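> Give me the fold of what follows.
(one chain, ligands or ions: 2)
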Amino acid sequence: MSPASLSVVSDSVTARAPSKVNLHLGVGPRRPDGYHDLVTVFQALSLHDDVRVSPGTDLTVSVRGEGASAVPDDSSNLAARAVQALAEWCGRSPVAAIDIDKSIPVAGGMAGGSADAAAALVAAAAMWKLDVDRDDLSDIAAGLGSDVPFALHGATALGTGRGEQLISVLSRGEFHWVLALAREGLSTPQVYAELDRLRDNRSDDAMTDDPLRRPDDLMQALAAGDPRAVAPLLHNDLQPAALSLQPALRRTLRAGVDAGALNGIVSGSGPTCAFLCLDEGSAVNVAAELSGAGVARSVRTASGPVPGTRVISPD
Ligand SMILES: C[C@@](CO)(OP(=O)(O)O)[C@H](O)COP(=O)(O)OP(=O)(O)OC[C@H]1O[C@@H](n2ccc(N)nc2=O)[C@H](O)[C@@H]1O
Ligand SMILES: Nc1ncnc2c1ncn2[C@@H]1O[C@H](COP(=O)(O)OP(=O)(O)O)[C@@H](O)[C@H]1O
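Ligands and ions are numbered 1, 2, ... in the order given. This next block holds a predicted model:
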């Protein structure tokens with residue numbers, strides 16, 4: 001954390017964290033610890049959650065906004081776990097009031113819980129005036145979930161290991177997306193387990209030659225800032241597993257491309273479908289057509305890359 005952001009502390013601090021889409025998600029075999037090694041390219045998107053942390057006498061959580069009723073409001077909430085982990089790191093008592101304002105779909109493959117954890121870490125660190133740098137925060141984040149370090153980092157990054165080891169990726173310009181939110185969520189562990197099952201059954205579309213190959217062609221297209229070059233290179237090894245669990249997503253993916261998107265992909269473990277569009281105007285048109293097609297609970301536009309988690313109030 002920069003000294004500048006440490007000086008802007010007050011009673012309550014609000015931090016904003018981005019959602020993500022995996023532009024490339026290569027998944028290795030299941031490891032003995034139950035996780036899978038990944039090679040993934042994350043892009044942070046302009047669909048955000050805001051988390052306010054205030055002084056309290058207990059650890060409390062309130063949640064409002066998109067999908068709030070499906071999010072736990074007790075100590076199992078990832079934002080509460082983040083505050084507990086940070087309190088343990090600095091040896092203070094984990095008391096704070098956490099208010100989460102969600103826009104990121106719950107269990108949607110866009111890392112909403114991870115975003116809330118990252119925002120709670122940044123907000124609590126600022127409220128407590130902690131001298132904690134980004135590397136320490138990132139280590140605490142990795143203990144909370146594989147996607148939490150990227151929610152802190154934002155922008156565009158190559159993720160390896162469980163997805164928690166990050167290297168920044170050069171990306172030029174702005175990419176425009178349409179997001180089709182599904183009626184039902186998907187559980188991340190179940191989607192990974194379904195991929196293992198498909199691979200055990202040697203289903204052809206569940207296998208890739210070398211899942212942990214670095215996607216250099218995609219990274220070149222990102223550096224060139226060319227959505228037409230990026231679109232055909234979007235790839236997600238978890239997509240066959242998500243489609244196996246929610247076959248209706250095939251229709252959603254087709255509908256987005258029929259509506260004029262350059263390409264569509266399941267975001268992470270799904271079920272949100274993300275459509276890359278040529279420009280902002282095209283995204284607005286695709287969103288309108290997709291809304292009318294009745295293949296999604298709700299449709300949003302978003303752009304990326306955007307910065308990682310940051311304090312927005314007081315600023
Ligand atoms: C699939 C991805 C792609 O970015 O995101 P989502 O689609 O969930 O947002 C991530 O790998 C999700 O990361 P995250 O949601 O933080 O997962 P974690 O809490 O660390 O792990 C939840 C469970 O997912 C499985 N898991 C997760 C990460 C990984 N590299 N291998 C795994 O097998 C394990 O079963 C693990 O117990
Ligand atoms: N703050 C939070 N926001 C969203 N989900 C949370 C949160 N804390 C815990 N969860 C749980 O984590 C699960 C995964 O949610 P989420 O992170 O939104 O999805 P995904 O892993 O698909 O990106 C949800 O089913 C929810 O019960």
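> sec struct for Gly264, please.
Classification of Gly264 by DSSP: H, G, I helix; E, B strand; the rest coil places it in strand.
> quick one: Gly268 from ligand 2, how far?
Distance from Gly268 to ligand 2, counting by C-beta to the nearest ligand atom, to the nearest Å: 6 Å. Placement of C-beta: from N, CA and C, glycine included.
> in the stretch 151-300 of the chain, what residue is nearest ligand 2?
Thr188 (4.4 Å; C-beta to the nearest ligand atom).
> Please apply the same query to the stretch 101-250 of the chain.
Gly113 (2.8 Å).
> quick one: contacts for that residue?
Contacts for Gly113 were tallied using C-beta atoms under 8 Å, 6 or more residues apart in numbering; they are Val71, Leu78, Val106, Gly145.
> do the same with Ala111
Ser19, Lys20, Ile104, Asp147, Phe150, Ala151, Gly268.
> redo that, cut-off 6 Å
Ala111 makes contact with Lys20, Asp147 under the criterion C-beta atoms under 6 Å, 6 or more residues apart in numbering.
> the helices in the stretch 101-250 of the chain, which residues?
Assigned by DSSP state H, counting those that start in this stretch, the stretch 101-250 of the chain shows helices spanning 112-127, 134-144, 148-153, 188-200, 216-224, 227-230, 239-245, 249-258.
> can you give me how far the third one is from the chain middle?
Taking C-alpha atoms, centre = their mean, to the nearest Å, one finds helix 148-153 lying 9 Å from the centre of the chain it belongs to.
> Not counting it itself, show me its contacts.
Helix 148-153 has contacts (C-beta under 6 Å, 6+ apart) with 17, 42, 114-115, 117-118, 138, 141-142, 164, 166, 308-309.
> on that earlier part again, right, and the helices of the stretch 101-250 of the chain - which one's nearest Leu276?
helix 227-230 (5.8 Å; C-beta to C-beta).
> Buried residues in that closest one, which are they?
Pro227, Val230 (16 or more other C-beta atoms under 10 Å).
> Could you do stretch 231-245 as well?
In stretch 231-245, counting by 16+ other C-beta under 10 Å, buried: 231, 233-245.
> For it, give me every contacting residue.
23-27, 191, 194-195, 198, 205-206, 211, 217-218, 221, 249-250, 262-263, 265-266, 269-270, 276.
> Now with 8 Å, please.
The contact list for stretch 231-245 (C-beta under 8 Å, 6+ apart) reads 22-27, 109, 186, 190-192, 194-195, 198, 203, 205-206, 208, 211, 215, 217-218, 221, 249-250, 262-263, 265-271, 276.
> Keep the contacts of Gly113, but drop any that are not near ligand 1.
When the contacts of Gly113 are filtered against ligand 1 using C-beta under 6 Å from any ligand atom, the residues retained are Gly145.
> between the contacts of Gly113, which is nearest Gly34?
Among the contacts of Gly113, and counting by C-beta to C-beta, the member closest to Gly34 is Gly145, at 13.7 Å.
> And the strands in this protein, which stretches?
Under the criterion DSSP state E, strands of the chain are mapped to 13-30, 36-54, 59-65, 96-102, 156-160, 165-168, 175-181, 235-236, 263-266, 273-277, 298-304, 310-313.
> out of those strands, nearest to ligand 1?
strand 36-54 (3.8 Å).
> Is any residue of the closest one near ligand 2?
No: Strand 36-54 lies apart from ligand 2 when judged by C-beta under 6 Å from any ligand atom; the minimum separation is 7.4 Å.
> that older thread, now, of the strands of the chain, which is deepest in the fold?
Across the strands of the chain, the average number of neighbours (mean count of other C-beta atoms under 10 Å) peaks for strand 273-277, which reaches a mean of 29.
> about what we covered before: any of the contacts of stretch 231-245 buried? List them.
Buried by 16+ other C-beta under 10 Å: 22-27, 109, 186, 191-192, 194-195, 198, 206, 211, 215, 218, 221, 249, 262-263, 265-271, 276, out of the contacts of stretch 231-245.
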